[in-house]
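Asks: Generate a structure from the sequence data that follows.
(chains A and B)
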Number of protein chains: 2
Amino acid sequence: MKIITIGREYGSGGRTIGKLVADKLGIPYYDRELVDKAAKHSGLAVEAIEENDQVVTRSFLYDLAIGTSYGYVNSSGVPLDLNTQVFLAQREAILEFSQAPCVIVGRCADYILRDREDVLKVFIYADRKARLQRIVREYGEDPAKAEKLLAQSDKRRARHYEEFTDSIWGARRNYDLMLNSAAFGIDAAAEIICNLAK
Amino acid sequence: MKIITIGREYGSGGRTIGKLVADKLGIPYYDRELVDKAAKHSGLAVEAIEENDQVVTRSFLYDLAIGTSYGYVNSSGVPLDLNTQVFLAQREAILEFSQAPCVIVGRCADYILRDREDVLKVFIYADRKARLQRIVREYGEDPAKAEKLLAQSDKRRARHYEEFTDSIWGARRNYDLMLNSAAFGIDAAAEIICNLAK
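Replies: Residues are numbered from 1 along each chain as shown, chains lettered A, B, ... in the order given. Next up is the predicted model:
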């Protein structure tokens, strides 16, 4: 398996695990970088993409206002809404990146690459308590805010996934392997994925 | 981790994987044997337990008819319904077995042992197509019947789990590791679990 996609719950350490796996295997890791790459493809301002990153808003007014810079149009030549534009731009980037071995975190990469046989599709999750601890310890968030952040982030990820795929975020059907990072720890989880990818 | 519990979709090869893991680790494997063991505990006839095995029926009449042989009663001394009796008997057996390293397949073992830290909780699943093929090839079922069997068995397992736990069958929260056996194959899946258990 040449490509590893990692979906993850907020605070589960999925990003860190992805980086470790990429380091261990000596292959590139894509996450925020995808956004920049996507921006270049679509001609959308990086700021617009970052603002909309994994958020499905319904601000049609805003969409309309910057509509003229859109790269993606529907069959009648009408520009698609901003979120779809961002998704399509990220999709193009993922398709390009996945021509060589790499790790891709988030961005519906598992769905976009679902028909390829050389992709190991991983989902990382963890107990609520372990995630809250991690959000405070690693992300430096206020304990009072952590709870809210967790709920919001997972909801956002699920909504984004379900908006652009015909499936459900975190549903086992979409993955080859689902790992509870709190049960094994970050390093062991990365090790497991590396062994499977080899 | 000393105990390995394996939940599994029908036709995913979870039983076979469990046996392989137990063989490789040189520890006992419990599945149908649990039922016999449970029977001895509760005084219920083995046939009654097998008949009700992982089935949640609502045959109160039947329950009533054999009620006098029940080992488990509620706080008022009234015998519990047959399914609950069977579940409690299996639970006792699982608690006894889990005093030493072993592999336990099905029977809500993950839930029953959820508070122990030396338990590796695994769930095995697979694509629908792979499961149908396995049901025909390994279980010798008629292809026309396989589809129906698959739907019925999964529904029965889910219903049984949800009747006796406060959780959902196959929900990632309940497991440390979830493996798509069609992605890796039976032998590799067993290997992964063995490595994690060590």
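Asks: Skip ahead from the lowest-mean-pLDDT helix or strand in chain A and say which helix or strand is next.
Replies: Using mean pLDDT, DSSP states H and E, helix A:60-65 stands out as the lowest-scoring helix or strand of chain A, at a mean of 43. Downstream of helix A:60-65, the first helix or strand assigned by DSSP states H and E is helix A:82-97.
Asks: quick one: buried residues of the following helix or strand past that next one?
Replies: Next in sequence after helix A:82-97, counting helices and strands by DSSP H and E, comes strand A:102-105. Across strand A:102-105, burial judged by 16 or more other Cβ atoms under 10 Å in any protein chain shown covers A:102-105. (Each C-beta comes from the backbone N, C-alpha and C, glycine too.)
Asks: With distance to B:E163 and pLDDT added, can I get those in JSON lines?
Replies: Shown next, in JSON lines, are those (distance: Cβ to Cβ, whole Å; pLDDT from 0 to 100):
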{"residue": "A:C102", "distance to B:E163": "45", "pLDDT": "96"}
{"residue": "A:V103", "distance to B:E163": "41", "pLDDT": "96"}
{"residue": "A:I104", "distance to B:E163": "40", "pLDDT": "94"}
{"residue": "A:V105", "distance to B:E163": "38", "pLDDT": "94"}
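Asks: Of the residues you listed, which is the nearest to B:G18?
Replies: Nearest to B:G18, judged by Cβ to Cβ, of the buried residues of strand A:102-105 is A:V103 at 31.1 Å.
Asks: which residues does the closest one contact?
Replies: A:3-6, A:18-19, A:21-22, A:25, A:27-30 (Cβ atoms under 8 Å, 6 or more residues apart in numbering or on different chains).
Asks: cool, A:E141 as well?
Replies: By Cβ under 8 Å, 6+ apart, A:E141 lies in contact with A:135, A:149.
Asks: Where does the prediction get shaky in chain A?
Replies: A:1, A:35-36, A:38-71 (pLDDT under 70).
Asks: the helices in it, which residues?
Replies: Along chain A, counting by DSSP state H, helices occupy A:14-25, A:32-42, A:46-52, A:60-65, A:82-97, A:109-112, A:128-137, A:143-164, A:181-184, A:186-197.
Asks: Identify each buried residue in the longest one, please.
Replies: By that I understand helix A:143-164. A:146, A:149-150, A:153-154, A:157, A:160-161, A:164.
Asks: which two in those residues are spaced the farthest apart?
Replies: Taking Cβ to Cβ as the measure, the buried residues of helix A:143-164 span a maximum distance of 27.5 Å, between A:A146 and A:F164.
Asks: what's the closest non-adjacent residue to A:I193?
Replies: Once flanking residues are discounted, A:I193 sits nearest to A:V21: 5.0 Å by Cβ to Cβ, 6 or more residues apart in numbering or on different chains.
Asks: re the thing from before, output the helices of chain A as CSV; include the columns distance to A:V122.
Replies: What follows is the helices of chain A, written out as CSV (distance: least, Cβ to Cβ, whole Å):
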stretch, distance to A:V122
helix A:14-25, 8
helix A:32-42, 17
helix A:46-52, 25
helix A:60-65, 33
helix A:82-97, 15
helix A:109-112, 8
helix A:128-137, 17
helix A:143-164, 15
helix A:181-184, 11
helix A:186-197, 6
